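In: Here is a sequence with its predicted model. Questions after.
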Protein chains: 2
Amino acid sequence: MEKNTTIKMVADEAGVSEATVSRVINNSKKVKYETSQKVKKTIKELGYQPNELARSLRSNSTKTIGVIISNILNPFFTSVVRGIEDYANQNDYNVIICNTDENSEKEKRYVQTLINRKVDGLIIATTGNISNYRSLVNKTPVVFIDRIPHKDDRENFDIVLVENEVATYQAVSHLIKVGYRNIGIITGNDVSTTGYERLLGYKKALKEFDLPVQPDLIKVGSFLGDDSYKLASKLLTETNCDTIFSGNNMILMGTLKAVKNLNEIEKKIGLMSFDDEEWLNYSSLEIDSVKQPTILLGEKAIKILLDRISGQGGKYKEIRCQAELVIRKRHIK
Amino acid sequence: MEKNTTIKMVADEAGVSEATVSRVINNSKKVKYETSQKVKKTIKELGYQPNELARSLRSNSTKTIGVIISNILNPFFTSVVRGIEDYANQNDYNVIICNTDENSEKEKRYVQTLINRKVDGLIIATTGNISNYRSLVNKTPVVFIDRIPHKDDRENFDIVLVENEVATYQAVSHLIKVGYRNIGIITGNDVSTTGYERLLGYKKALKEFDLPVQPDLIKVGSFLGDDSYKLASKLLTETNCDTIFSGNNMILMGTLKAVKNLNEIEKKIGLMSFDDEEWLNYSSLEIDSVKQPTILLGEKAIKILLDRISGQGGKYKEIRCQAELVIRKRHIK
DNA sequence: TTGAAAGCGCTAACAC
DNA sequence: GTGTTAGCGCTTTCAA
């Protein structure tokens, strides 16, 4: 097993010191042109590639960002991640993705692992069950996305969120305006703050239009498909709801599964989903949606993070991105 | 800025040598119980966490796998990745994901980067335009997934694939059996071998049933939505096709976009897609599909890779995983 | 402009 | 059982 080419081999071959080779690799200006050429030639000849591990150890920078999300199978997160990755890659950073599956123990473990691997920064969609994040991450820059961390940490980190309450308010207002009166809502529990905020927007809209809040129309479960199927079935069979607002894309799947059991007339029910996806254009039912600014969310997060990494100080920011209403239903009832 | 706790600090504090601390961390059996306890206590007190970078540099193992795919936004790949990640994590490996966007230059660059970062192994859905992969990756174990690498490399790597030809043969056979006669197909160009194989299966089925291969019914483009929209439109307006077989999930989106322009009667067209997704159950059209064994694909790949990493030798394997036909269309024409 | 040498934090061979 | 020490491959003072 032949060894990898090291900086020493290049130095020996080129008849210079390791330091000089290092300077050439790093484009240090202080190398004579001829020396530099000679070294570059030898590098090419030997096919030398610097060992990034050694570099990182020495220079205390891995050019790696850790991204912790709930689940890579969820298109919302994939899209956010893609926003992060593209910008990160442009700036020579790589990204390590970890899935918590909404398990805060897993979240904690991944944070540890990534810190020990000396990532330069972290972007986290937290489960929310972890307090005193600073003690976990020490000086490593962290940007929270999509969800608000524990209240004690809220002031001490940069946070990039979606305008959940506003968007839901607008969505539900739309439903009311076009004639729906008994709007059911299924959303995640407040483990993740998004569920809570969306519920606030829902209530605000009802209030605005002088509609009563009917407790049996409000179903708070998890952000998972199976739970939602049960909750949606309840809404459909036990209440007088004429619309279902699904708190995210997974909940929508559960809702649709339940709606499928209805007869044709009952299927006239209104549907609104938080999270837009392309296939909604080809659904048998006309499903309105709130389109989240996923790519933008990721981009904002990584930009702030890279700024922090490069030493930018200043007060911690809490940013909100606007969502957009996509109306597909043309004829009501 | 206070320094991180190092093994030396622990050693000093506990009154032992660095070597002993190292032994404790690595559960080496050769440490006296009391010493071990004492060290563990100090580790906890100081909140010591080993620097994985230094460890990796020393031990030549990063416990990291590089995964190179086309695009994380494609649910097919996400699912494969999830299969990889779960098994990798169980075995204490982390995963770095990179998107080529079907650009072989990007692929090459990522391979370089990951190799320089000393990943322990690579799993790659190659664009196929790279020859002599061995010279790129040297001794680093590589498993190719989904697509066959350059023919010169085929014998020299482990490869995990889907039974593309068989699955397409079965799918098209089904279409013929239920009465379709002019089956159009849109598939990716043979940059990726999957397109080619699926086309083979298509032709084989026609032949089996003594149907002519009609060149104008075969559209070979890219695996992207926009291209497919144009090709599907052509199929629908310029040919007599009564079915469209979409070569993957992206192509299906383009196809559906084209079909949307049809009138109700024309919409009776048959649809079959390579790649199954949950939302197909809620589509306005009844779309049959070939369900790829995505998770399994990922699992097989990572298992083989970890075996290679742990030094397992033996001949390189080329494995095929079975796909499954999902029939949704009940009444033909 | 270049080289010598220290050292990033850890592991492993060897010695005791 | 435990300590000493060399060194993984690189960058970065400090001197020359």
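Out: That came through fine.
In: make it CA atoms for all contacts and neighbour counts henceforth
Out: Will do.
In: what does the stretch 1-150 of chain A have sitting close to chain B?
Out: A:49-54, A:56-57, A:72-73, A:75, A:78-79, A:82, A:94-97, A:116-118 (CA under 8 Å from any CA of the partner chain).
In: Distance of whichever residue of chain A sits closest to chain B relative to DNA strand D?
Out: Ranking the residues of chain A by distance to chain B (CA to the nearest CA) places A:Ser284 first, at 3.5 Å. Noted for A:Ser284: a distance of 57 Å to DNA strand D, by CA to the nearest atom of the strand, to the nearest Å.
In: Please pull up the helix or strand immediately following the lowest-mean-pLDDT helix or strand in chain A.
Out: None of the helices or strands of chain A scores lower by mean pLDDT, DSSP states H and E than helix A:225-238, at a mean of 92. The first helix or strand that comes after helix A:225-238 along the chain, using DSSP states H and E, is strand A:243-246.
In: Next, the angle from the helix or strand following that next one to helix A:225-238.
Out: For strand A:243-246, the following helix or strand on the C-terminal side (DSSP H and E) is helix A:249-259. Between helix A:249-259 and helix A:225-238, the angle comes out at 40 degrees (axes from the mean of the first three to the mean of the last three CA atoms, to 10 degrees).
In: that older thread, find the nearest non-adjacent residue to the residue of chain A closest to chain B, please.
Out: Nearest residue to A:Ser284, sequence neighbours excluded (CA to CA, 6 or more residues apart in numbering or on different chains): B:Ser284, at 3.5 Å.
In: list the contacts for the one you found?
Out: B:Ser284 is in contact with A:282-285, counting by CA atoms under 8 Å, 6 or more residues apart in numbering or on different chains.
In: Show the buried residues in the residues you listed.
Out: A:282-283, A:285 (16 or more other CA atoms under 10 Å in any protein chain shown).
In: Throw those residues into JSON lines and include pLDDT, thanks.
Out: As requested, the buried ones among the contacts of B:Ser284 are exported to JSON lines (pLDDT from 0 to 100):
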{"residue": "A:Tyr282", "pLDDT": "95"}
{"residue": "A:Ser283", "pLDDT": "94"}
{"residue": "A:Leu285", "pLDDT": "93"}
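In: Could you export those residues as a markdown table, including secondary structure?
Out: Formatted as a markdown table, these follow (DSSP: H, G, I helix; E, B strand; the rest coil):
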| residue | secondary structure |
| --- | --- |
| A:Tyr282 | helix |
| A:Ser283 | strand |
| A:Leu285 | coil |
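In: okay, the residues you listed in TSV with distance to A:Phe157 next?
Out: What follows is these, written out as TSV (distance: CA to CA, whole Å):
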residue	distance to A:Phe157
A:Tyr282	41
A:Ser283	40
A:Leu285	42
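In: residues in contact with the nearest residue to A:Val142 once chain neighbours are set aside?
Out: Spatial nearest neighbour of A:Val142, excluding adjacent residues (CA to CA, 6+ apart): A:Leu122 at 4.7 Å. Under the criterion of CA under 8 Å, 6+ apart, the neighbours of A:Leu122 are A:65-68, A:140-143, A:305.
In: And for A:Leu271?
Out: A:243-246, A:286-288.
In: low pLDDT regions in the stretch 101-250 of chain A?
Out: By pLDDT under 70, the weakly predicted segments of the stretch 101-250 of chain A are A:190-192.
In: ok, back up a step: centre of the chain versus the least confident helix or strand of chain A, how much separation?
Out: The chain centroid and the centroid of helix A:225-238 are separated by 27 Å, computed with CA atoms, centre = their mean, to the nearest Å.
In: for stretch A:271-288, same thing?
Out: Taking CA atoms, centre = their mean, one finds the center of stretch A:271-288 at 21 Å from the center of the full chain.
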